[in-house]
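> build me a structure from this.
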Amino acid sequence: MLFSGVYAPLPTPFDEHGTLDLGRLRAALPRWVASPLTGFVLLGTNGEAGLLSDDEAARVIGESRPLIPADRPLIAGTARESTRAAIAAAKQAASLGADAVLVRTPCFFKSQMTGAAFERHYTAVADASPVPVLLYNFTAATGVNLLPDTVARLATHPNIAGIKESGSDIAQIADLVALSSPDFSVLAGSASTLYAALCAGVSGAILALGALMPGACAQLVALVQAGRLDEARALQRRVLPLARLISTGHGVPGLKAALALTGIDAGFPRAPLAPAPAAAVDQLRAALCTYEDHTA
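Numbers count the residues shown, from 1 in each chain. Reported below is the predicted structural model:
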């Protein structure tokens with residue numbers, strides 16, 4: 001299964017008390033489905049997956065799948081610290097209609113998360129998962145790095161379909177691309193360096209910015225693929241301020257605040273996260289206005 005195009009890791013809505021708000025999710029999904037996004041990721045980092053119970057995770061997938069057309073891939077984040085739990089989560093997601101699972105590297109026992117440990121973990125998950133597995137490397141958040149030589153060995157597994165690399169190390173991304181094949185996709189996870197990653201040869205991207213600016217993200221991919229590199233570089237420069245604000249800047253609270261400014265109610269973040277402060281909202285509003293001025 002080849003993964004290409006742009007996927008958005010969708011936020012999980014909570015109400016002001018931190019309760020899962022499926023009504024907000026149902027209301028927001030049609031806006032994303034109407035966009036040019038290739039597909040969707042539930043329960044990723046931007047979906048606050050680590051703050052949900054297994055039952056809540058199942059409810060998010062079960063509620064979303066009927067609202068997403070069958071020809072739009074739905075990827076579910078099923079990362080768990082134990083291999084046993086990751087297998088159970090993958091099976092549950094598949095039973096609820098997920099087309100693939102995204103499995104972040106375990107990281108609690110950082111010093112013991114060697115290449116061999118990752119091979120054991122991902123091989124066991126892929127052996128048991130009813131749907132394709134995507135590796136997920138996010139060193140800035142986890143403190144561990146899934147290195148290309150380990151990925152090369154995992155890429156030979158028939159049920160490991162690719163990797164989301166959220167780092168901005170273009171040399172590492174290029175090494176991963178060298179492993180790619182019709183059976184293994186490399187997806188960029190950083191909108192701030194999307195142009196460079198596309199030039200390095202990634203087949204697509206999973207981007208928080210895709211939930212906020214799906215058209216711009218899809219256009220950037222299309223421009224690079226069409227060889228219109230000057231236009232692609234210009235577009236990368238225009239989206240860069242927003243990309244930074246909702247990633248290294250304000251994170252999930254910033255993404256939810258920015259979405260609210262565009263008319264998508266993604267609810268509140270769940271504690272210990274807090275809503276974006278007023279100063280952050282002002283920054284996001286200014287960046288959105290600047291982007292619109294440049295594209296008017």
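> number of residues surrounding the residue nearest to residue 141 when sequence neighbours are not counted?
Distance criterion C-beta to C-beta, 6 or more residues apart in numbering; nearest residue to residue 141, sequence neighbours excluded, is residue 45 at 6.4 Å. Backbone N, C-alpha and C define where each C-beta goes, glycine included. Neighbour count of residue 45, defined by other C-beta atoms under 10 Å: 24.
> would you confirm that residue 45 contacts residue 138?
Yes: assessed by C-beta atoms under 8 Å, residue 45 is found in contact with residue 138 at 6.5 Å.
> shared neighbours of the two, anything?
Overlap of the contact sets of residue 45 and residue 138 (by C-beta atoms under 8 Å, 6 or more residues apart in numbering) consists of 104, 166.
> which parts of the stretch 1-150 of the chain are helices?
If DSSP state H, counting those that start in this stretch is used as the criterion, the helices of the stretch 1-150 of the chain fall at 22-33, 54-64, 83-95, 115-128, 139-142, 148-154.
> for the second one, give me every contacting residue.
Pointing back at helix 54-64 there. By C-beta under 8 Å, 6+ apart, helix 54-64 touches 10, 12, 20, 22, 25-26, 29, 40, 42-43, 47, 49, 52, 74, 76, 88-89, 92-93, 96-98.
> one more time with 6 Å
20, 22, 42, 43, 76, 92, 93, 96 (C-beta atoms under 6 Å, 6 or more residues apart in numbering).
> reformat the residues you listed as CSV; add pLDDT and neighbour count.
Output for those, formatted as CSV (pLDDT from 0 to 100; neighbours: other C-beta atoms under 10 Å):
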residue, pLDDT, neighbour count
20, 98, 21
22, 98, 16
42, 98, 26
43, 98, 29
76, 98, 31
92, 98, 19
93, 98, 30
96, 98, 19
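> which one of the residues you listed is nearest residue 257?
residue 20 (19.2 Å; C-beta to C-beta).
> from the opening residue of stretch 193-213 to its closing one, how far?
15 Å (C-alpha to C-alpha, to the nearest Å).
> got it, and stretch 204-220?
Stretch 204-220 has an end-to-end distance of 11 Å (C-alpha to C-alpha).
> swap in stretch 157-171?
Using C-alpha to C-alpha, the end-to-end distance of stretch 157-171 comes to 24 Å.
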